[in-house]
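Novice: sequence first, then the predicted structure, then my questions.
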Amino acid sequence: MPRLAIFIDGGYLDKIAEHEFHIHIDYTKLSEEIRKIISLSAQDNIELLRTFYYHCLPYQGNPPTPEEASRFSKKQSFFNNIGKLPRFSVREGRLAYRGNDDKGKPIFVQKKVDLQLGLDFALISGKRQITHVVVIAGDGDLLPAFHVAKEEAILVWLFHGPKLSKRDGYSTYDYDLWKEADERYEIDLPFMQRIQRL
């Protein structure tokens, strides 16, 4: 039976949902909507193996401020709730503080997220546990994982934000990643409305 795995870069999807559409996501609806889209395209009933969600907890100083502690606790609770959803796995990276920019705003960098996503993607592809994969991300660092999956004859879908962000005018995805995907699906307002948390 055809089988699907979904890989979500949570930081990327947060930016798309918040900056482009101002919508909060119901992750059960998200997985099911994606499964329906892939099933319709394949003209077959695709089974969902698992949805993998990758993200970092917010930064906390030592000691954390009350705001940092509250933000950290809320995000931790959110990750725990997602991890309890059927066929969901949460993989946590780490947020590293990298100083301040020229305006004094702190700079934070996600660590381990892309690497974990790429490794899981490549491992599952190599074991031929899936026939279809959906990646919600925009980072070109995932190109090698796309190559592995395609060499294993897995159909690779890229679900991505709009070509240009409304917020800053930059592309929301790496063009080489977009080009390497077998199929592409732009996340638009009707899609977001179907997966909106009510």
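Specialist: Received, thanks.

Novice: what residue of the protein is the furthest out?
Specialist: Checked against the mean C-alpha position of the chain, the extreme residue using C-alpha atoms, centre = their mean is Pro63, at a distance of 30.4 Å.

Novice: which secondary structure element contains that one?
Specialist: Here Pro63, judged by DSSP states H and E, is contained in no helix and no strand.

Novice: any idea how far Ser70 is from it?
Specialist: In this structure, Pro63 and Ser70 are 14 Å apart, going by C-beta to C-beta, to the nearest Å. In this view, the C-beta of every residue, glycine as well, is placed from N, C-alpha and C.

Novice: got a list of what the residue farthest from the centre of the chain touches?
Specialist: Going by C-beta atoms under 8 Å, 6 or more residues apart in numbering, Pro63 touches no other residue.

Novice: that one and Ala69: what is the separation?
Specialist: Relative to Ala69, Pro63 is positioned 9 Å away (C-beta to C-beta).

Novice: which helices and strands does the longest helix seen in the chain pack with?
Specialist: Identified as the longest helix of the chain according to DSSP state H is helix 66-83. Counting by 3 or more C-beta pairs under 8 Å, 6 or more residues apart in numbering; DSSP states H and E, the packing neighbours recorded for helix 66-83 are strand 47-56, strand 88-100.

Novice: Ile6 is nearest to which of these?
Specialist: Across the helices and strands packed on helix 66-83, Ile6 has its closest neighbour in strand 47-56 (4.3 Å, C-beta to C-beta).

Novice: could you give the angle of that closest one to strand 88-100?
Specialist: Compare the direction of strand 47-56 with that of strand 88-100 by axes from the mean of the first three to the mean of the last three C-alpha atoms, to 10 degrees and you get 20 degrees.

Novice: strand 47-56 pairs with which strands, and in what direction?
Specialist: Paired neighbours of strand 47-56 in the sheet (DSSP bridges): strand 3-9 (parallel), strand 88-100 (parallel).

Novice: average model confidence for stretch 179-189?
Specialist: Per-residue pLDDT over stretch 179-189 has a mean of 96.

Novice: centre of the chain to it, how far?
Specialist: The chain centre lies 13 Å from the centre of stretch 179-189; the measure is C-alpha atoms, centre = their mean, to the nearest Å.

Novice: what's next to it, contact-wise?
Specialist: With contact meaning C-beta under 8 Å, 6+ apart, stretch 179-189 is reached by 16, 20-21, 37, 41, 135-136, 143, 146-147, 150, 155-163, 178, 191.

Novice: out of these, which are buried?
Specialist: Neighbour counting with 16 or more other C-beta atoms under 10 Å marks 16, 20-21, 37, 135-136, 146, 150, 155-162, 178, 191 as buried within the contacts of stretch 179-189.

Novice: show me those residues that map onto helices.
Specialist: Residues of these located in helices (DSSP H): 37, 146, 150, 178, 191.

Novice: tell me what the closest residue to the third one other than its chain neighbours is bridged to.
Specialist: Yep, that's Lys150 we're talking about. Excluding the flanking residues, the one nearest Lys150 by C-beta to C-beta, 6 or more residues apart in numbering is Val156, at 5.9 Å. Assessed by DSSP bridges, Val156 has beta-bridge partners Val133.

Novice: I appreciate the help and will end here.
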